[in-house]
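J.: Below is the sequence, then the predicted model.
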Amino acid sequence: MLVQVQVPSGTPLASVRMKAGGRDVTSVLQSTALNTLTGLVTGLALGKNVLTVRNGRALNSRGDAGDHELSDHRPT
């Protein structure tokens, strides 16, 4: 699944960490624009998966966990 992460201004991109289903997938991220990381996450389970993005704290304006639920489906 192709994911794009919008990083808050002033946050070093190198400080961002991403996990999918508890597995560190940070290495797939590449800087693709100002304050933006993009990467292809593979090895997801069929159905619901949790993607967590952090930089030592959550990466969203509400200050909550920074977790996002994704659904992976087989192509038909």
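T.: Thanks, I have it.

J.: in the sheet, who's paired with residue 39?
T.: residue 3 (DSSP bridges).

J.: quick one, what contacts it?
T.: Taking C-beta atoms under 8 Å, 6 or more residues apart in numbering, we find residue 39 in contact with 2-3, 18, 25, 28-30. Every residue, glycine included, has its C-beta placed from N, CA and C.

J.: And the buried ones among these, selectable in PyMOL?
T.: Buried residues within those, by 16 or more other C-beta atoms under 10 Å, are selected in PyMOL with:
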select buried, resi 3+18+25+28+29
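
J.: Pick out whichever of the contacts of residue 39 sits closest to residue 55.
T.: Set against residue 55, the nearest of the contacts of residue 39 by C-beta to C-beta is residue 18 (10.0 Å).

J.: pretty sure the closest one contacts residue 29?
T.: Yes: the pair residue 18 / residue 29 is scored as a contact, 6.2 Å apart, by C-beta atoms under 8 Å.

J.: joint contacts of those two?
T.: Listed as contacting both residue 18 and residue 29 by C-beta under 8 Å, 6+ apart are 5, 39.

J.: Now do stretch 53-62, average pLDDT.
T.: Stretch 53-62 comes out with an average pLDDT of 62.

J.: Work out the gap between the strand ranked longest in the chain and the centre of the chain.
T.: Longest strand in the chain, counting residues (DSSP state E): strand 47-54. Here strand 47-54 is found 7 Å from its chain centre; the criterion is C-alpha atoms, centre = their mean, to the nearest Å.

J.: List every C-alpha atom in it, with coordinates, as CSV.
T.: Taking C-alpha atoms only, strand 47-54 is exported to CSV below (Å, rounded to 0.1, in the frame of the first residue of the first chain):
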residue,chain,number,x,y,z
GLY,A,47,-8.1,-6.9,6.2
LYS,A,48,-7.5,-4.3,8.9
ASN,A,49,-3.9,-3.1,9.7
VAL,A,50,-2.8,-0.3,12.0
LEU,A,51,-0.2,2.2,10.7
THR,A,52,1.6,4.2,13.5
VAL,A,53,3.7,7.3,12.7
ARG,A,54,5.7,9.1,15.3
